[in-house]
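K.L.:
sequence-free structure coming up:
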DNA sequence: TTGTAGGCGTTATCAG
DNA sequence: CTGATAACGCCTACAA
């Protein structure tokens, strides 16, 4: 049974007054007598009245709604960023729609288009790994919806960006491994096409270059996804090389854990035989045995800054041609999965 | 600069026809000439036209939108349930708004009320641990919005429910531990007031009872949250008892990991000195050392079934007085953190 | 095949 | 202090 939703018209009828009066009473308009207000507000509560925001938003051309589009919420990185976003949004009057693209360009486009249709006020987006085209960002722009890119960059897209210095993080990790005495350092790289993947790969290569260490054949393996399962095969491939590495720098903690797992089943000692460093510093990484050395990122701050920038964009709503690009510095956390 | 959003009126003006014609052309109405359709659709594309769903939804009294409210998305359990939900929703025409209450009753109520205002078609909800009152569920009901409770039950709430047999899971775990030779089994219980907490506690107690083992003093410690940090102190308390347990059944994997961590720092051998069993079977649990014995739950199925039930409710939209209560069976997964 | 008009629920403007 | 009315963008009878 489709219930009839109570509207201000219902209240007006019941109370024998104009709907405009009811509207004003509900909004605590100064020019309404206290008694009228009381009467209206009481009845509203009694009838379980809730204003229809669809009508209001239609009228005001503003929905006070923001969307965040992430590749996947199961990742601790992204769910933490989202928490940072929500903490800023709390009490701001905006509400947040959380959305995941499942690393699919098609889904990402579908989400963006739907968000245009429901007239959200702004979008925070970390593009999927299969996103190579920028047309959906242009659509946002043409519809006057501001957006901020975070974590993953899309070259050629003109917008505000909140990123992490992935190059620097990777460089630090590898530089440290070299100084700890590792000579043969491999890299379990991320899915191709991601800015984070290529920046970290560059950082890896440049750190080697700094010490005139060549990048060996087969020492860089790309994983196809970010789960433990995705890491097993490439880890095996790496550790079963004729000339196996004595250190692995992995694209994230999950993959690093897989590498540790594979190394253990091969009865390698960690870190004596092989040092392993991850990326992300997930909460459980410090509790592993051995506890995982990794690169920490300011997840929470990324979310907070991204939403702050977006809110400012929305509120000043001007078509700027200068965009902010903020880059956070990651930090190396040395634990027991790597030589000291 | 607030951009003017293009509307069918703009298209109608430009093309010198009535807006109704444009509307029909856009919707592929049979009674419109092909040429007109072509003209309209081309211009629409050129102008980057997107229908305003606010207007449409207002008219149709339907938003094709569903919300899911979870205590927190950082939990792997909930983010997996959500993925199950989305997989069913894909292509259904409904879109999903993901929301988190942060385990706060107040935030939960605020979300529910906001969802009433934006007229969502249905709600999936796993109540926060601080939710003791049911009034917000009644509000949904009075506004004719169907909802399905999942994972966590709220006694006294009349609605469809998709749950897990927590009692059974706990019973299995403890029964197994006893049969493996453990004599002094403790329980790191969840936050009070949660249905999952009390059901698992009961399962724990009843399994002990089955073998006439008394519940010892101080052998049940409640944690205050579900993170690793929340588990450290209670684990220490348990393991430093004068008469320490030889097994711990923990409310979830995170807490179990904390217990393992504490046990290791105390130089206890696992599972020889102490067996530890978790709950949830998170993806990384199998990669720990020792790999974690735990209770697996059909996370994905929970999400799928919950949304299926909700969709049916929405589509038949009748005020039923009989509700479905589906209870999934969890399964014990024995790994290396417990005696065999 | 296309145009006219009313309505979805709300607020703002202008009268009274 | 309160009432009538237009408008937000769209769809759908009904009319032409």
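P.N.:
Yep, that arrived. Model, not experiment: these values are computed from the prediction.
K.L.:
now the angle from the helix or strand bottoming out on mean pLDDT in chain A to strand B:95-100?
P.N.:
Lowest by mean pLDDT, DSSP states H and E among the helices and strands of chain A is strand A:95-100, with a mean of 92. In terms of direction (axes from the mean of the first three to the mean of the last three CA atoms, to 10 degrees), strand A:95-100 departs from strand B:95-100 by 110 degrees.
K.L.:
In the stretch 151-300 of chain A, where is pLDDT below threshold?
P.N.:
Applying pLDDT under 70 to the stretch 151-300 of chain A flags no residue at all.
K.L.:
got it, and the stretch 1-150 of chain A?
P.N.:
In the stretch 1-150 of chain A, residues with pLDDT under 70: A:1-3.
K.L.:
how about the helices of it, start to end?
P.N.:
A:8-15, A:19-26, A:34-46, A:53-60, A:76-89, A:105-117, A:135-142 (DSSP state H, counting those that start in this stretch).
K.L.:
Point out the most buried one among those.
P.N.:
Mean neighbours per residue, mean count of other CB atoms under 10 Å in any protein chain shown, is largest over these for helix A:76-89, with a mean of 21. Glycine gets a C-beta too; all of them are placed from N, C-alpha and C.
K.L.:
For that one, name the packing helices and strands.
P.N.:
strand A:65-70, strand A:95-100, helix A:299-316 (3 or more CB pairs under 8 Å, 6 or more residues apart in numbering or on different chains; DSSP states H and E).
K.L.:
any chance of those in JSON lines, plus mean neighbour count and distance to DNA strand C?
P.N.:
Listed next are the helices and strands packed on helix A:76-89 as JSON lines, based on neighbours: other CB atoms under 10 Å in any protein chain shown; distance: least, CB to the nearest atom of the strand, whole Å:
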{"stretch": "strand A:65-70", "mean neighbour count": "24", "distance to DNA strand C": "17"}
{"stretch": "strand A:95-100", "mean neighbour count": "23", "distance to DNA strand C": "17"}
{"stretch": "helix A:299-316", "mean neighbour count": "20", "distance to DNA strand C": "18"}
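K.L.:
Tabulate these (CSV), appending distance to residue A:152.
P.N.:
Formatted as CSV, the helices and strands packed on helix A:76-89 follow (distance: least, CB to CB, whole Å):
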stretch, distance to residue A:152
strand A:65-70, 10
strand A:95-100, 14
helix A:299-316, 11
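K.L.:
ok, back up a step: the least confident helix or strand of chain A vs chain B: in contact?
P.N.:
Yes - on the criterion CB under 8 Å from any CB of the partner chain, strand A:95-100 is in touch with chain B at A:95, A:96, A:97, A:98, A:99, A:100.
K.L.:
okay but residue A:336 is in contact with residue A:271, surely?
P.N.:
Yes - when contacts are counted by CB atoms under 8 Å, residue A:336 is listed as touching residue A:271 (7.0 Å).
K.L.:
Overlap in contacts, those two.
P.N.:
Listed contacts common to residue A:336 and residue A:271 are residue A:290; contacts here mean CB atoms under 8 Å, 6 or more residues apart in numbering or on different chains.
K.L.:
Look at these two and report which has more neighbours.
P.N.:
A direct count of neighbours by other CB atoms under 10 Å in any protein chain shown for residue A:336 and residue A:271 places residue A:271 higher, at 23 against 16.
K.L.:
quick one, what contacts the more buried one?
P.N.:
A:290, A:336, A:337, A:338, A:339.
K.L.:
Now the first one. Nearest residue, chain neighbours left out?
P.N.:
Closest residue in space to residue A:290, ignoring its immediate chain neighbours: residue A:336 at 3.7 Å, by CB to CB, 6 or more residues apart in numbering or on different chains.
K.L.:
any idea how far chain B is from the one you found?
P.N.:
Distance, residue A:336 to chain B, by CB to the nearest CB, to the nearest Å: 12 Å.
K.L.:
swap in residue A:172?
P.N.:
24 Å.
K.L.:
Any idea which of the helices of the stretch 1-150 of chain A gets closest to residue A:216?
P.N.:
helix A:76-89 (29.5 Å; CB to CB).
K.L.:
Run through who's touching the closest one.
P.N.:
A:66, A:68, A:70-73, A:95-96, A:98, A:124, A:126, A:150-151, A:252, A:280, A:282-283, A:297, A:299-304, A:306-308, A:311, B:72-74, B:79, B:100, B:102.
K.L.:
the inter-axis angle of it versus helix B:76-89?
P.N.:
Going by the same axes, to 10 degrees, helix A:76-89 makes 90 degrees with helix B:76-89.
K.L.:
quick one: helix A:76-89 to helix B:105-117, angle?
P.N.:
Using the same axes, to 10 degrees: helix A:76-89 against helix B:105-117 is 80 degrees.
K.L.:
from the middle of its chain, how far away would helix A:76-89 be?
P.N.:
Centre-to-centre, helix A:76-89 and its host chain are 8 Å apart (CA atoms, centre = their mean, to the nearest Å).
K.L.:
okay, the residues of strand A:95-100 next to chain B in TSV with distance to residue B:179 next?
P.N.:
Output for the residues of strand A:95-100 next to chain B, formatted as TSV (distance: CB to CB, whole Å):
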residue	distance to residue B:179
A:95	51
A:96	48
A:97	49
A:98	44
A:99	46
A:100	42
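K.L.:
Nearest to chain B among those?
P.N.:
Among the residues of strand A:95-100 next to chain B, residue A:98 lies closest to chain B (CB to the nearest CB), at 3.9 Å.
K.L.:
For the residue nearest to the closest one when sequence neighbours are not counted, name its beta-bridge partners.
P.N.:
Nearest non-adjacent residue to residue A:98, counting by CB to CB, 6+ apart: residue B:98, 3.9 Å away. Judged by DSSP bridges, the bridge partners of residue B:98 are residue A:98, residue B:68.
K.L.:
What's the local residue count around residue A:209?
P.N.:
Each residue near residue A:209 was counted by other CB under 10 Å, and the total is 11.
K.L.:
On the three-state scheme, it is what?
P.N.:
helix (DSSP: H, G, I helix; E, B strand; the rest coil).
K.L.:
So it versus chain B, what's the distance?
P.N.:
Going from residue A:209 to chain B by CB to the nearest CB gives 33 Å.
K.L.:
Residue A:298 too?
P.N.:
Distance of residue A:298 to chain B, given as CB to the nearest CB: 16 Å.
K.L.:
Residue A:200 too?
P.N.:
Distance, residue A:200 to chain B, using CB to the nearest CB: 21 Å.
K.L.:
My read is that that residue contacts residue A:255, right?
P.N.:
No - at 11.6 Å, residue A:200 and residue A:255 do not qualify as touching, with contact defined as CB under 8 Å.
K.L.:
Just the endpoints, please. Distance across stretch A:229-249?
P.N.:
One end of stretch A:229-249 sits 17 Å from the other (CA to CA, to the nearest Å).
K.L.:
residues of it that come out buried?
P.N.:
Within stretch A:229-249, the residues scored as buried using 16 or more other CB atoms under 10 Å in any protein chain shown are A:230-232, A:234-236, A:238-239, A:244-249.
K.L.:
Next: stretch A:139-154.
P.N.:
Of all the residues in stretch A:139-154, those buried under the rule 16+ other CB under 10 Å are A:139-141, A:143, A:145-154.
K.L.:
Stretch A:269-287 now?
P.N.:
By neighbour count on 16+ other CB under 10 Å, the buried set for stretch A:269-287 is A:270-271, A:274-287.
K.L.:
and which of these is nearest residue B:5?
P.N.:
Checking those one by one against residue B:5 (CB to CB), the nearest turns out to be residue A:280, at 39.6 Å.
K.L.:
okay but the closest one is in contact with residue A:293, surely?
P.N.:
No - with contact defined as CB under 8 Å, residue A:280 does not reach residue A:293; the gap is 11.9 Å.
K.L.:
Strands along the stretch 201-340 of chain A, start to end?
P.N.:
With DSSP state E, counting those that start in this stretch applied, the stretch 201-340 of chain A shows strands at A:220-222, A:247-250, A:275-277, A:294-296, A:325-328, A:331-333, listed in chain order.
K.L.:
Turn those strands into a markdown table, including distance to residue A:59.
P.N.:
Compiled in a markdown table, the strands of the stretch 201-340 of chain A are given as follows (distance: least, CB to CB, whole Å):
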| stretch | distance to residue A:59 |
| --- | --- |
| strand A:220-222 | 51 |
| strand A:247-250 | 52 |
| strand A:275-277 | 55 |
| strand A:294-296 | 47 |
| strand A:325-328 | 36 |
| strand A:331-333 | 48 |
